[in-house]
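Participant: fold the following and give me the result.
(3 chains)
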Amino acid sequence: MAGKNLDLRRFPGFLPLTLLCLFLLYAPLIVVMGYSFNDSNSITRWDTVSLRWYYDVFYGVDAPKFKAAALNSVSIALMAATSATLIATMAATAMLRAGRFRGKSVSFALINLPLMVPEIVTAVATLIFFSALGFTTGYLTILIAHIVFCIPFAYLPIAARMQGIEAVYEQAAQDLYATRFQAFRLILLPLMTPGIMSGFLLAFIISLDDFIITNFVKGAGIETLPTAIFGAVKQGIKPNIMAISTLLLVVSVGFVALSYFVGRMGGNAKPTTTPKGD
Amino acid sequence: MSRDNDIAVDIQNVTKMYGGFAALKGVSLDIRDNEFFTLLGPSGCGKTTLLRAIAGFEEVSSGAIILYGQNIADLLPNERPVNTVFQQYALFPHMNVTQNVMFGLLRLGQDKATAKNRVGEVLELVQLSDFADRMPGQLSGGQQQRVALARALAPSPKVLLLDEPLSALDLKLRQAVRLELQQIQHQTGITFIFVTHDQEEALTMSDRIAVIEAGQVQQIGSAREIYEAPKNKFVADFIGETNLLEVNVTDLDTGRGSCILPGGVQITCPAAEGAHSGPGHLSVRPERIAITALSKGLIQGTATRHIYLGTDLHVEVSLVNGGHVTVRMQNSTQIKIPEVGQSVGLEFEPDSARLLVD
Amino acid sequence: MAAVPHPNARATSDTYIGFGVPLILPAWVIIGFFLVVPVAMMLMYSFLTKEFRGGVIWEFSIAAYDQFFFDRGLFGDSPPTIEWTYISIFWRSIWQAGVATFFCLIIGFPTAWFIATRTGRNSTIWLFLITIPYWVNLLIRTISMKFLIRDNGPINEFLISSGLITEPFHIINTNLAVQLGLFYSYLPFMVLPIYAAVERYNFALSEAAADLYASRTVTLTKIILPAVKPGIVAGCILVFVPSLGAFLAPDLLGGAKTFMIGSLIEEQFKGNAGNWPFGAAASMILLSLVLIVLTLYARQQTRDQD
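Facilitator: Numbers count the residues shown, from 1 in each chain, chains lettered A, B, ... in the order given. The predicted structure follows:
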């Protein structure tokens, strides 16, 4: 029986295709990372391994530009992620713990709306909006736009975590004379912390990585890290681009991994009983 | 402790609707002060709904819930001096035992020192003093159950609600905890309202039992009353085992009636309040029926099966008119066991049978 | 073990009942005010007149849509003829997105199948491997693809130095480059839904087919594919829709000949040569296309569930 199963699951050629797929996915990234350690000035000839270009990123000609851009990116990401996490937590509480209310079904569509509208359309609409209202484009407009599209990303892990926490804990708290606000603060919130942190980290990296919307609403005088990199690439791929790309790559992967593992911390908030052959 | 005649909880005509479905239909009952009162019934009968209504987690559609003279039906759960031991215990996973047990006390405004003293008291009561610093995840099922109990007892509620708290424990533990719960109830004098579907639990622990089915109270009484004098088919069948004989009721007086058994013999026996004449059911417990010679029996039949249960032997007898009866015989060498296929007579004391409400 | 829930029971999780509206309000305000309103304004702008230096004059006109579809204007001396330039850009975008989706399907389906049929722990590991590249910034991923396939990039360098070809294999700035870029950007979106569908697939069906003398190919086409179709469709949508409006891949990897919607729209808002109403109109058309695709998909979902 087992042998037959294995047979039915296997199709010839699927394994090579999978390996090809993985190769296609990793090759460009690995090549970039490899060349970032290339000592040569050209990016096509391979020389010795060195950290020269990393040094260049931090201390070279373009360094101030990248530093300013990175500072903008990080500060915007911090604020956007914080705001989005706050809003998403409240929204998740409303959707999962507040029974029926008017507009609930529409709310779900609304929270996911930023994910469904193509990025370029969001970018155009936001630019038009700020222009029509007379807001000068810059730091603030970027921040606002980021908060909007960070909300669904923060919402996902938070809602997932909240759904996994059974409501019986908050009921037990109320049974023991806690007000609803106390039940939220002392019971639900602590149990949700992994989800909230995970949502924050995810929102942070989404904001940090954003290019299209940022590019549209930023105006002329300001750069974030992705827009600075893009601008540099337009002038031709230089080795320090490889280095800064690798740095950003590592940061992105690191943050998402962190978000994933943080979310799984704190175990399962199950009501603690294991049935013994009920 | 002497039993007061104060009514702890007075449920007055409570109905609970979920859309078109009635989970509770006009339920009325009194629970006395210092009583161990059990709500007994099968899954889905409404017993948990009633308990949650008392706790405040369900709004009643109509009716009143009077707690020591005060109608609490409109109060939020945290405004009612009633505490619950949840079926899944629901110990706060991020707090240790002491913090769990202390929770209610702090919410009521006690300072940490006083609260901690009380926690010590209650943990001693449930014999878990050594576990004060453990996290819930480090405790066994039985220990978690005791922490849940301690947590609910700490604020000295007027009434303690227990929602099938023993169902997750294995048999031996369950039996030990039953005794402990009874002892604690006697010691503290708190009124216990206990929900279970296990009739053995109900019979062994309770002062009084309310049997509930399909959202309605079927019967309220002590264990003995319910077992010996069931009112209707449901109660007779749900509590212990019984045989339901199809009979024709001829006469009825207060508490007694006459009926014609399958096979034609007429007897006079006790009748439940509300029984009526015509076709009906007679309840006779398996242990009250004896196998005798064909001619001497009130009913005649053929033995069809033996079921060996160690201490007992159940013999299934198929009746002349098509019904069947289970007879419980002790597994003793002195009693003669009928062979399968043998024609037998069944006899019983008419006073141990009962005409039921149909 | 847990109490049996009543058939129509109110959810026991309604702890904060009554607080729904205030809690959801911030999300409504932020998304409503900064996304829904802007899109509405964009719709409005598409019906305004363009200002020379970018921006708009508040005067109603259908010039934007006019310019998009017709070459001499609806109201003129001679009857209008269809302007194909912009329509063809849209058509090309649909084509590119379609080809990218096809690539993703060809590679993604076997990959998803393979991963889903690994046992337990291994399955998760493979899944991780597939999704980790996606965690990298889209810009970086596109840049690295560009770096790889350019004329004097590592691939060509390798091919030339090993003597396989004499001149660089010109991929960059072609349709193929853009398709590769899109494929690279959105492949995990194809793999994940198919993986989920295959995971739920009941292998007893394959066994039954084999028992009834079906060959592996027949089992695949007649049994497996219909069963995992929802996953395949979801994957295709998740790749096609973003590809349609993509900007980075066409811009960095393509050239003048591979102009797509994203670049067309971007052009309208940069510098002084821009035409805001036209850009808004093009965005509206793109948005409508996407909404149509999503609605059709949603309709088919509800129909399938009947």
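Participant: CA only for contacts and neighbour counts going forward, please
Facilitator: OK.
Participant: compute the number of surrounding residues for residue C:29.
Facilitator: 12 (other C-alpha atoms under 10 Å in any protein chain shown).
Participant: list the residues that contact it.
Facilitator: By C-alpha atoms under 8 Å, 6 or more residues apart in numbering or on different chains, residue C:29 lies in contact with nothing.
Participant: residues of the host helix or strand of it that come out buried?
Facilitator: Residue C:29 belongs to helix C:20-31 when assigned by DSSP states H and E. By 16 or more other C-alpha atoms under 10 Å in any protein chain shown, the buried positions in helix C:20-31 come out as C:20-21, C:23-28, C:30-31.
Participant: tell me the mean pLDDT for that helix?
Facilitator: For helix C:20-31, the mean pLDDT works out to 92.
Participant: again with stretch C:265-273
Facilitator: Stretch C:265-273 comes out at a mean pLDDT of 81.
Participant: with stretch A:120-137 instead?
Facilitator: Average pLDDT, stretch A:120-137: 91.
Participant: how about residues contacting stretch C:220-233?
Facilitator: C:105, C:109, C:190, C:193-198, C:201, C:205-206, C:209.
Participant: redo that, cut-off 6 Å
Facilitator: If you take C-alpha atoms under 6 Å, 6 or more residues apart in numbering or on different chains as the criterion, stretch C:220-233 is touched by C:193-194, C:197.
Participant: neighbour-wise, which of the residues you listed leads?
Facilitator: residue C:194 (29 neighbours).
Participant: just curious, which of the buried residues of helix C:20-31 is nearest to residue A:123?
Facilitator: residue C:31 (13.8 Å; C-alpha to C-alpha).
Participant: who are the contact partners of that closest one?
Facilitator: residue A:148.
Participant: quick revisit: centre of the chain versus the helix or strand that the helix holding residue C:29 is followed by, how much separation?
Facilitator: Using DSSP H and E, the helix or strand that follows helix C:20-31 in sequence is helix C:37-45. Centre-to-centre, helix C:37-45 and its host chain are 22 Å apart (C-alpha atoms, centre = their mean, to the nearest Å).
Participant: tell me the buried residues in helix C:37-45?
Facilitator: Here helix C:37-45 shows C:38-39, C:41-45 as buried, counting by 16+ other C-alpha under 10 Å.
Participant: and that helix, what does it pack onto?
Facilitator: If contacts are counted by 3 or more C-alpha pairs under 6 Å, 6 or more residues apart in numbering or on different chains; DSSP states H and E, helix C:37-45 sits against helix A:119-133.
Participant: per-residue confidence at the residue lying closest to residue B:347 once chain neighbours are set aside?
Facilitator: Using C-alpha to C-alpha, 6 or more residues apart in numbering or on different chains and skipping the chain neighbours, the partner closest in space to residue B:347 is residue B:297 (4.7 Å). pLDDT for residue B:297: 85.
Participant: got a list of contacts for the host helix or strand of residue C:128?
Facilitator: For residue C:128, the host element (DSSP H and E) is helix C:120-131. Here helix C:120-131 makes contact (C-alpha under 6 Å, 6+ apart) with residue C:115.
Participant: return that helix as PDB; C-alpha atoms alone will do.
Facilitator: Provided in PDB are the C-alpha atoms of helix C:120-131 (Å, rounded to 0.1, in the frame of the first residue of the first chain):
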ATOM      1  CA  GLY C 120       6.000  16.200   7.100                       C
ATOM      2  CA  ARG C 121       9.000  18.200   8.100                       C
ATOM      3  CA  ASN C 122      10.600  18.200   4.700                       C
ATOM      4  CA  SER C 123       7.500  19.900   3.200                       C
ATOM      5  CA  THR C 124       8.000  22.900   5.500                       C
ATOM      6  CA  ILE C 125      11.600  23.100   4.700                       C
ATOM      7  CA  TRP C 126      11.100  23.200   1.000                       C
ATOM      8  CA  LEU C 127       8.300  25.700   1.400                       C
ATOM      9  CA  PHE C 128      10.700  28.000   3.400                       C
ATOM     10  CA  LEU C 129      13.300  27.700   0.700                       C
ATOM     11  CA  ILE C 130      10.800  28.700  -2.000                       C
ATOM     12  CA  THR C 131       9.500  31.700   0.000                       C
END
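Participant: now the closest residue to chain B within the stretch 151-278 of chain A, nearest residue through space, not along the chain?
Facilitator: Residue nearest to chain B within the stretch 151-278 of chain A (C-alpha to the nearest C-alpha): residue A:177, separated by 4.0 Å. Closest residue to residue A:177 apart from its sequence neighbours, by C-alpha to C-alpha, 6+ apart: residue B:78 at 4.0 Å.
Participant: per-residue confidence at that neighbour?
Facilitator: 91.
Participant: report the contact partners of the residue of the stretch 151-278 of chain A closest to chain B.
Facilitator: Contacts for residue A:177 (C-alpha under 6 Å, 6+ apart) come out as B:78, B:104, B:107.
Participant: what's the local residue count around residue B:254?
Facilitator: 11.
Participant: repeat that for the one 3 residues further on.
Facilitator: With neighbours defined by other C-alpha under 10 Å, the count for residue B:257 comes to 21.
Participant: what pairs with the helix or strand containing it, parallel or antiparallel?
Facilitator: Residue B:257 belongs to strand B:256-260 when assigned by DSSP H and E. Applying DSSP bridges, strand B:256-260 is found paired with strand B:243-253 (antiparallel), strand B:266-270 (antiparallel).
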